[in-house]
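Novice: predicted model and sequence follow; I will ask about them next.
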Amino acid sequence: MKRLLATGLAILAVALIAPRAANAASLTINDALETGILFSVGQFDRGVGFVLDGTTILAPSLGTAEATVSEGTPASGPITHTFMGQFLTGGPLVAPTSGVIAFLEVGGGISDILTFNYTGGGAGAVATLTGTFVSDLEPGGNLVAPPGAIFVSEGAPFTFNNTNITAAAISDVDAVPEPASLVLFGTGLLGVLRYTRKTRRRL
């Protein structure tokens with residue numbers, strides 16, 4: 001019995017002092033909503049946690065949080081949102097550790113611009129993610145892509161994962177009239193033209 005108890009205590013001691021695998025932090029930037037840009041974050045468990053536009057939306061923890069911020073408007077112009085998060089890593093960061101992403105609108109032009117940069121990392125060390133998300137004017141916009149930007153179609157998620165973090169951003173898609181709506185509009189326009197011609201003939 002003593003041997004069994006001693007074995008159990010030894011296993012427990014090893015489990016307590018063994019290095020634990022780092023949790024996976026997560027970030028999603030969703031600009032495909034009508035209500036604004038939704039930042040969803042989780043498990044930023046070190047340092048500052050996760051800070052958006054100077055406000056802590058997740059204190060260092062394994063919890064989750066969400067925050068909705070505004071898009072650009074003709075009155076405000078494009079809006080730049082800044083973010084920073086810190087998390088525990090189980091190994092070194094992998095390439096790419098930085099990038100500039102320009103989301104292309106369907107009809108041409110730039111919808112939104114994402115920048116990101118990872119620093120730090122390593123076995124049992126802290127990594128820091130910093131970045132910006134520039135929101136276009138609604139409706140339409142005229143953002144200019146920075147030199148070296150990677151172009152991504154709006155509506156297609158762009159992932160920028162790294163060690164112990166999953167991250168993605170998705171831009172809004174400009175509303176495009178459905179084919180049925182265009183046919184209905186065309187039919188109505190033809191009806192108006194015919195009515196106008198008949199009225200003119202009577203006069």
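Specialist: Now that the structure is in, tell me what you want to look at.
Novice: any stretches of this protein with poor pLDDT?
Specialist: 1-22, 137-141, 174-203 (pLDDT under 70).
Novice: can you give me the helices in it?
Specialist: With DSSP state H as the criterion, the chain has helices at 2-17, 179-202.
Novice: ok, longest strand in this structure?
Specialist: The strand that spans the most residues within the chain, counting by DSSP state E, is strand 110-135.
Novice: what pairs with the residue nearest to the spatial centre of the chain across the strands?
Specialist: Geometric centre of the chain, nearest residue: Ile29, 2.0 Å, by CA atoms, centre = their mean. Beta bridges link Ile29 to Phe39, Ala169, judged by DSSP bridges.
Novice: surely it touches Ser135?
Specialist: No. Counting by CB atoms under 8 Å, no contact exists between Ile29 and Ser135, whose distance comes to 10.0 Å. For glycine as for every other residue, the C-beta is placed from the backbone atoms N, C-alpha and C.
Novice: which residues are in contact with each of those two?
Specialist: In terms of CB atoms under 8 Å, 6 or more residues apart in numbering, Ile29 and Ser135 are both contacted by the residues Ile37.
Novice: quick revisit: distance check, the residue nearest to the centre of the chain against Ala75.
Specialist: Per CB to CB, to the nearest Å, Ile29 is found 23 Å from Ala75.
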